[in-house]
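S.K.: Okay, sequence plus prediction incoming.
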Amino acid sequence: MDVEEGVDVEEPVRGVRGEEELLARRFDADRGRLRAVAYRMLGSLSEAEDAVQETWFKLSRADVSGVRNLSGWLTTVVGRVCLDMLRSRGSRRETPLEYYVPDPVVRIGNTADTFGATGTATDTSVASDPERAAELGESVGLALFVVLETLSPAERLAFVLHDMFAVSFDEIAEVVDRSPAATRQLASRARRRVRDASPGPAPDARRRREVADAFLTAANGGDFDGLLAVLDPDVVLRADGGRLMAGTSKLVRGAETVVAQALAYSRFRKAVLRVVANGEPAVLSVVDGRPTALMVFTVAGDRIVQLHILTDPERLATLGLTEEELARAKY
């Protein structure tokens, strides 16, 4: 091979690699936004990561030389991937929707007795990256996720992309294969469902923490009246044990019934770690150095309106808490 032949072979290869690296950098710049879209669409951290990875595969195989707005193109692609995943999931859901607790985004406080802003992480969690935690879950409480689960896949896509990420109805219409007017109606129906199911305005973070602490103090002290004082009369407790702890899954309605559950649970001495889950106060039970239950409080006004309890060992294991952090749990 002469020198000229060598140049003819090498230059195209170098050019292709350069284009691939540029594309990878562009994708990484949008990865946070894509992950946030996928998490809101799916309510699952692991599935959101799968959707983002599939979006990268589609990008790497596509000719995007004529795409003017790559970020917008990627957003619609990840939306389409999530739409397909939701449609597939509908026929194989294992956990009944009434018990379902979405994957929480958990952050650990700086001390065991505060709800702080320091994070922790695994490959599929966000705990060691506070910015990632914020982009994923801070603005989406578990109560909203539960409502999103009741929407059809197309309604959820229209609502998430338009109302949360300002994607135009013209772009969303191409994903759901409907007219822009019909797509607008999808978002409108979803918006009404979300509004009708809203727990009401929440107080500031400090007040939410105080209400949650009052609940924990009353529960630990066996204070029936104290518990009633911080619970909305129509409070809903939703517990999800997943596949391995299906017997713990339940839906409980009404303050007095929830108080009975709380007092029964408080009889078991356990170490707890106060955390933040999706921007809401939460408490993690720890036994023998392992997380065994996560309770998340949704507060509206000055009352707890929803309690979400995750006891699924498989998902609790992915919270990404280190041994040192779990060791901070106190009785």
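M.R.: Ah, there it is. The model shown is predicted, which means the values in this text are computed figures rather than measured ones.

S.K.: With only the CA atoms kept, save stretch 248-266 in PDB.
M.R.: The C-alpha coordinates for stretch 248-266 follow below in PDB (Å, rounded to 0.1, in the frame of the first residue of the first chain):
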ATOM      1  CA  THR A 248     -47.800  -6.400  52.600                       C
ATOM      2  CA  SER A 249     -49.400  -4.600  49.800                       C
ATOM      3  CA  LYS A 250     -52.600  -2.800  50.800                       C
ATOM      4  CA  LEU A 251     -54.700   0.300  50.300                       C
ATOM      5  CA  VAL A 252     -56.100   1.900  53.500                       C
ATOM      6  CA  ARG A 253     -58.500   4.800  53.600                       C
ATOM      7  CA  GLY A 254     -59.600   7.100  56.400                       C
ATOM      8  CA  ALA A 255     -57.700   8.600  59.400                       C
ATOM      9  CA  GLU A 256     -58.800   6.200  62.100                       C
ATOM     10  CA  THR A 257     -57.900   3.100  60.000                       C
ATOM     11  CA  VAL A 258     -54.500   4.600  59.100                       C
ATOM     12  CA  VAL A 259     -53.900   5.400  62.800                       C
ATOM     13  CA  ALA A 260     -54.600   1.800  63.700                       C
ATOM     14  CA  GLN A 261     -52.000   0.700  61.100                       C
ATOM     15  CA  ALA A 262     -49.500   3.200  62.300                       C
ATOM     16  CA  LEU A 263     -49.800   2.200  66.000                       C
ATOM     17  CA  ALA A 264     -49.500  -1.500  65.100                       C
ATOM     18  CA  TYR A 265     -46.400  -0.800  63.100                       C
ATOM     19  CA  SER A 266     -44.900   1.300  65.900                       C
END
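
S.K.: Residues in contact with it: which ones?
M.R.: For stretch 248-266, contacts defined as Cβ atoms under 8 Å, 6 or more residues apart in numbering pick out 95-96, 98-99, 215, 219-220, 222, 224, 227-228, 231-242, 307, 311. (Glycine included, C-beta is placed from N, CA and C.)

S.K.: So which of the residues you listed are in strands?
M.R.: 231-240, 307 (DSSP state E).

S.K.: if we can go back for a sec, using PyMOL, make a named selection holding only the buried ones among the contacts of stretch 248-266.
M.R.: A single PyMOL command selects the buried members of the contacts of stretch 248-266 (16 or more other Cβ atoms under 10 Å):
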select buried, resi 99+215+219+227+231+232+235+236+237+238+239+240+241+242+307+311
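
S.K.: The stretch 201-331 of the chain: helices as residue ranges?
M.R.: Taking DSSP state H, counting those that start in this stretch to define them, one finds helices in the stretch 201-331 of the chain at 205-220, 224-230, 255-266, 313-316, 323-326.

S.K.: So for residue 56, which of the ones you listed sits nearest?
M.R.: Taking Cβ to Cβ, helix 313-316 is the member of the helices of the stretch 201-331 of the chain nearest to residue 56, at 24.6 Å.

S.K.: Give me the average confidence score over the closest one.
M.R.: Averaged across helix 313-316, pLDDT comes to 94.

S.K.: Which residues does it contact?
M.R.: Here helix 313-316 makes contact (Cβ under 8 Å, 6+ apart) with 103, 242-245, 290-294, 310.

S.K.: May I see these organised as TSV, with pLDDT and distance to residue 39 added?
M.R.: Below are those laid out as TSV (pLDDT from 0 to 100; distance: Cβ to Cβ, whole Å):
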residue	pLDDT	distance to residue 39
103	93	8
242	88	18
243	86	21
244	88	23
245	89	24
290	92	25
291	93	20
292	94	24
293	94	22
294	96	17
310	96	16
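
S.K.: Going through the residues you listed, which ones are buried?
M.R.: The neighbour-count test (16+ other Cβ under 10 Å) marks 103, 242, 245, 291-294, 310 as buried among the contacts of helix 313-316.

S.K.: mind showing which ranges of this structure have poor pLDDT?
M.R.: For the chain, the stretches with pLDDT under 70 are 1-18, 90-96, 109-139, 269.

S.K.: change it to 90
M.R.: 1-23, 60-68, 88-100, 107-140, 198-202, 242-248, 264-270, 289, 318-327, 329-331 (pLDDT under 90).

S.K.: wait, what's in contact with residue 72?
M.R.: 167, 171 are the contacts of residue 72 under Cβ under 8 Å, 6+ apart.

S.K.: at 10 Å what do you get?
M.R.: 30, 165, 167-168, 171 (Cβ atoms under 10 Å, 6 or more residues apart in numbering).

S.K.: Farthest pair within the residues you listed?
M.R.: Longest span within the contacts of residue 72, Cβ to Cβ: 30 and 168, 17.5 Å.

S.K.: just the helices in the stretch 51-200 of the chain please.
M.R.: 70-89, 130-133, 142-149, 153-159, 169-176, 180-196.

S.K.: need those helices in TSV with distance to residue 299, can you?
M.R.: Formatted as TSV, the helices of the stretch 51-200 of the chain follow (distance: least, Cβ to Cβ, whole Å):
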stretch	distance to residue 299
helix 70-89	29
helix 130-133	20
helix 142-149	10
helix 153-159	24
helix 169-176	33
helix 180-196	18
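
S.K.: Figure out which of these is closest to residue 268.
M.R.: Among the helices of the stretch 51-200 of the chain, the nearest to residue 268 by Cβ to Cβ is helix 142-149 (23.7 Å).

S.K.: Many thanks, have a good one.
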